[in-house]
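>>> Sequence first, predicted coordinates after that:
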There are 2 protein chains.
Amino acid sequence: MGLARTTVSRVLNGQPGLKTKTIERVQRAIEETGFVPNAYALHLKGKRTATVGICMENLLTPPIVRKLALLQRLLRASNYNSLIEVVEPGNSDKVIRHFLSMRVEAVVFIGHFDEDQLTRQVGELTTRATPHLVIDHVGIKGANTVSLDRVSAMAAIVKHLIGQGHRSFGILAFNSPVRSVTDRLRGIREALAAEGLDFNQCTTALDGIFPRANDFAEGRRIAQAFIARGQLPTAFIAVNDEVAIGAMHGFQEAGLRVPTDVSVVGFNNMDICLMPTPALTSIDQRIDDTIKAAMEVLLPQLGGAARPRPVVRMIEPLLVVRGSTGPARV
Amino acid sequence: MGLARTTVSRVLNGQPGLKTKTIERVQRAIEETGFVPNAYALHLKGKRTATVGICMENLLTPPIVRKLALLQRLLRASNYNSLIEVVEPGNSDKVIRHFLSMRVEAVVFIGHFDEDQLTRQVGELTTRATPHLVIDHVGIKGANTVSLDRVSAMAAIVKHLIGQGHRSFGILAFNSPVRSVTDRLRGIREALAAEGLDFNQCTTALDGIFPRANDFAEGRRIAQAFIARGQLPTAFIAVNDEVAIGAMHGFQEAGLRVPTDVSVVGFNNMDICLMPTPALTSIDQRIDDTIKAAMEVLLPQLGGAARPRPVVRMIEPLLVVRGSTGPARV
DNA sequence: CTGAAAGCGCTTACAG
DNA sequence: CTGAAAGCGCTTACAG
C-alpha cells in the first residue's frame, strides 16, 4: 500500500508533522489488518516500559488485596501498567528476576516477606538503580517504606481499654513470628509500660494450643479455652477481625455479655465488624491513605529523581470504637 | 572474557553440548555482572512468551479474587506467567490490546463484563487464533466457558426450601441487570414452576427502594422494610452471604427467630457464613473445582490444539445447609 | 512531509 | 565444542 514502516510508527506514536490524509490511510490499514504492535520490539528499541512490578505476599487476605486493587488503579491513572506476581515460598528471587527481565521501572512489595531476603532484594534493586517501595513490611534496611504504624495502633487500643478501667488482657492469636505480629506485641508491651503496667503480669495468651488459622473458628476456640481455664481477663485484643468475632461468639455462647463481661477488639476494620452484636471495635488501617502515600513516594522516583536516602512514611491508624468495648466489670 | 553471546545464550537456555568448564565460566560471569536477560529481546526472536493474560472484572469481591489466586497458582505450576489486568469501565478493549501486544498465549476472563463487548472480544481472539476462556460469564456466543451453574444453584435452594414447607419467598437484593443475577432469577422462576408454583405469586422483592450495595447494611435495611410492610414471607433468598447475614440481623433485632419464624439463604458460602447465629445456609461455588476445570480447558488449547467448537463446562453448585433454614412456620 | 538504514539484545541456523 | 552472521519488529536519526 506504499506505507513505510517509519510512517506507521509515527502515526502510532502520534508524532507531529504528518498529512492528515496519510494518518487516515494508515489508521484504516491498521484497522483492516488488525495490527497490534509487538510490545517486545517496542521496548527493545528504547521505548520505556511504563511498567511497575508489584510483588504480592498473597492474594487471599482482604487488606492486602485491597491495597493491590487501589495501587493498580492509581498506577493506571498515571499511565503505568502493573505487573503483578505472587510470591510462593522460596521463589521471590524468581519474581524479582522476572521483573528485571521485563525492565520494570519500579518494584513495589505488598505484604510480609522473609526479612533477610527482602533486605537483599531491596539492596539489589538499589544497586541497579531500579526504584522500589515496601508497603507494610517495616524495618527493612535501606528500603523506601510506607506502612501502618502498628505499634501506634496497639497503643491506641491499649489506651482505650485502660481508659475504660481494664487491667487484664487476653491476647488472641498473636502466636506468629511474622514481623507485623511481633511489632504489634511490642506495641502492646510498650503501651502497657507507659501506663506503669507489666506485660507479663497483665496479659494472658492461650494461642499455642491451637494451630494458627486466624479465622472465626480459631477465635471461638480460644475464647472457649479461656472460659474453661477460669480467671477471665476483662478485655481481649485479637490479631484480626475474624478472630475477634469468633471470640465474641465463643463468649456469648457461654452466656457472657459483650461488653458488660468482656470487651473485645479486632483489627482491620473490615465490613464484618458490623456483623456481630454488638458491632466490633477495631483498628482501621486507612488503606486509601496508605496507597495514596505510596504513590507520593513512588512517582518522584519513577521520574528518575534518585533519593539520597530511603523515605519512610508511617500511616497513623484509626481506632474505630463500637459496642464491643466498654467499661471493665468491677 | 572471551565469551561469545552464542555461548552465553546456550548456557542460559540449558542447551546440551557445552563443556562443564565453559558453563561454569559463564555462570560466574553472569553472577558477577548481575546480568538479567532482556525479556523483550528474548521474545522478539521467536521465544514463546509463556504468558496468559487474565482480564479481571475487579479485585474487590472475594470469590473473584479467589479464582484469580488459584488460577495464577496453577498456571505457574504449569510454567506460565500471568499478566493480570483489571477492566475499568470502558477500557476493556485497551486491556485486550495490551495482552495482544504482549503476545500472550491465551486470554482468560474472570467475572462479568459487558455482554456485547465480551462477545466481540472473544470473536477477535478466535480470529487471531489466540485461545481464550471465559470464567463465570455464561452464554457468550462462541466462547469457551467454565462457570458455576447458577440456574441449578437456585433450583437447589428453592427445592430445599419447598421441601421444608415454604411457599412464600422474599428476594433480597436481586435488582441488577448483570447476567449472573438474571440467570439466578430465572433459576428461581423455573424451580418454582417445576413445583407448580408461580414466581409472581409467591415471591416478593423490595430491592428497588435502596441503592444497591450488596452489603450487610443493605440486607438489614431490606429486612426492616419487609417487617414494616407486614405479610412476611417465610423464607428469604439473598444475592450473597453479606446481604443474607444483614437480613438475619434485621429480623433478629426485630424479635423474629431464625429459622423458626423466617429462613434465610445466602450465596458463596464464604467464611462469614459461620458468624451469625444460627450459621447461614449457603451455596458453595466450588471455586477449586471451577479453576481446576478451567485449567483442563485451557491447557490443551495452549498446546495449540484448536478446538473445532467452543467447550462449555458448567460446575454443579453445592448447597450447604446450616441452621438458618428450617421448617416453615405454619 | 516521507522513506531507507542502523540498531536495540537476544536466538538460531550455519561454519569452523 | 564454540563463534560470526542474520534476523525478530520496532524507533530513531538521517537523507531526500
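Nice, thanks for sending it over.
>>> in chain A, which spans are strands?
In chain A, the segments counted as strands under DSSP state E are A:51-56, A:81-86, A:106-110, A:132-135, A:145-148, A:169-172, A:203-205, A:235-238, A:263-265, A:282-284, A:312-315, A:318-320.
>>> Could you export those strands as JSON lines, including mean neighbour count, distance to chain B and mean pLDDT?
From N, CA and C alone the C-beta is placed, and that goes for glycine too. Output for these, formatted as JSON lines (neighbours: other Cβ atoms under 10 Å in any protein chain shown; distance: least, Cβ to the nearest Cβ, whole Å; pLDDT from 0 to 100):
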{"stretch": "strand A:51-56", "mean neighbour count": "24", "distance to chain B": "9", "mean pLDDT": "97"}
{"stretch": "strand A:81-86", "mean neighbour count": "22", "distance to chain B": "5", "mean pLDDT": "96"}
{"stretch": "strand A:106-110", "mean neighbour count": "25", "distance to chain B": "12", "mean pLDDT": "97"}
{"stretch": "strand A:132-135", "mean neighbour count": "28", "distance to chain B": "15", "mean pLDDT": "98"}
{"stretch": "strand A:145-148", "mean neighbour count": "24", "distance to chain B": "19", "mean pLDDT": "98"}
{"stretch": "strand A:169-172", "mean neighbour count": "24", "distance to chain B": "16", "mean pLDDT": "98"}
{"stretch": "strand A:203-205", "mean neighbour count": "18", "distance to chain B": "23", "mean pLDDT": "96"}
{"stretch": "strand A:235-238", "mean neighbour count": "29", "distance to chain B": "14", "mean pLDDT": "98"}
{"stretch": "strand A:263-265", "mean neighbour count": "29", "distance to chain B": "13", "mean pLDDT": "98"}
{"stretch": "strand A:282-284", "mean neighbour count": "24", "distance to chain B": "14", "mean pLDDT": "98"}
{"stretch": "strand A:312-315", "mean neighbour count": "17", "distance to chain B": "20", "mean pLDDT": "97"}
{"stretch": "strand A:318-320", "mean neighbour count": "16", "distance to chain B": "15", "mean pLDDT": "98"}
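>>> burial of A:Val181, as a residue count?
A:Val181: 18 surrounding residues under other Cβ atoms under 10 Å in any protein chain shown.
>>> Contact partners for it?
A:Phe174, A:Val239 (Cβ atoms under 8 Å, 6 or more residues apart in numbering or on different chains).
>>> can you rerun that using 10 Å?
A:Val181 sits next to A:His112, A:Arg150, A:Ala173, A:Phe174, A:Asn175, A:Arg212, A:Asn214, A:Val239 when contact means Cβ atoms under 10 Å, 6 or more residues apart in numbering or on different chains.
>>> neighbours around the third one, how many?
Okay, so that is A:Ala173. A:Ala173: 27 neighbours (other Cβ under 10 Å).
>>> I figured it was touching A:Ala247, is that so?
Yes - counting by Cβ atoms under 10 Å, A:Ala247 is a contact partner of A:Ala173 at 8.9 Å.
>>> got the residue ranges for the helices in the stretch 101-250 of chain A?
Per DSSP state H, counting those that start in this stretch, the stretch 101-250 of chain A carries helices over the ranges A:115-127, A:150-163, A:179-194, A:199-202, A:216-229, A:241-253.
>>> Quick check: which of the ones you listed has the most neighbours on average?
For the helices of the stretch 101-250 of chain A, the largest average neighbour count (mean count of other Cβ atoms under 10 Å in any protein chain shown) is found in helix A:241-253, namely a mean of 26.
>>> which of the contacts of A:Val181 are buried?
A:His112, A:Arg150, A:Ala173, A:Phe174, A:Asn175, A:Asn214, A:Val239 (16 or more other Cβ atoms under 10 Å in any protein chain shown).
>>> where's the second one relative to A:Pro317, distance?
The one in question is A:Arg150. Noted for A:Arg150: a distance of 8 Å to A:Pro317, by Cβ to Cβ, to the nearest Å.
>>> Find residues that contact each of those two.
Common neighbours of A:Arg150 and A:Pro317 (Cβ under 10 Å, 6+ apart) are A:Phe267, A:Ile283, A:Gln285.
>>> what about the closest residue to DNA strand C within the stretch 101-250 of chain A, how many neighbours?
Minimum separation of the stretch 101-250 of chain A from DNA strand C (Cβ to the nearest atom of the strand) falls at A:Ser101, amounting to 8.3 Å. By other Cβ under 10 Å, the residues close to A:Ser101 number 15.
>>> now do A:Asn268
For A:Asn268, the count of nearby residues is 21 (other Cβ under 10 Å).
>>> contacting residues for it?
By Cβ under 10 Å, 6+ apart, the residues touching A:Asn268 are A:61-63, A:66, A:239-242, A:244, A:282-285, A:287.
>>> Quick check: of these, which lies closest to A:Leu232?
A:Ala244 (15.7 Å; Cβ to Cβ).
>>> Out of the buried ones among the contacts of A:Val181, the closest to B:Thr182 would be?
Taking Cβ to Cβ as the measure, B:Thr182 sits nearest to A:Asn214 out of those, at 36.9 Å.
>>> Do you know the pLDDT at that closest one?
A:Asn214 carries a pLDDT value of 91.
>>> how near is it to B:Thr290?
Taken as Cβ to Cβ, the span from A:Asn214 to B:Thr290 is 25 Å.
>>> Number of residues surrounding the one residue in the stretch 1-150 of chain A that gets nearest to DNA strand D?
Nearest to DNA strand D, among the residues of the stretch 1-150 of chain A, is A:Ser9, at 2.8 Å (Cβ to the nearest atom of the strand). Other residues lying near A:Ser9 total 14 when counted by other Cβ under 10 Å.
>>> dump the residue contacts of it.
Applying Cβ under 10 Å, 6+ apart, we find A:Ser9 in contact with A:Gln15, A:Val26, A:Pro37, A:Leu42, A:Lys45.
>>> surely A:Thr203 meets A:Ile171?
Yes - applying Cβ under 10 Å as the test, A:Thr203 and A:Ile171 come out as touching, 5.4 Å apart.
>>> okay, and the common contacts of the two?
What both A:Thr203 and A:Ile171 touch, as defined by Cβ under 10 Å, 6+ apart, is the set A:Leu185, A:Ile188, A:Pro233, A:Ile237.
>>> ok, now which ones touch the residue nearest the centre of chain A?
Chain A has A:Ile64 as the residue nearest its centroid, 4.3 Å off, counting by Cα atoms, centre = their mean. Neighbour list for A:Ile64: A:Met56, A:Glu57, A:Asn58, A:Ile110, A:Gly111, A:His112, A:Ile135, A:Asp136, A:Ile287 [criterion: Cβ under 10 Å, 6+ apart].
>>> A:Met154 too?
With contact taken as Cβ under 10 Å, 6+ apart, A:Met154 is in contact with A:183-192, A:237, A:265, A:267, A:283, A:317.
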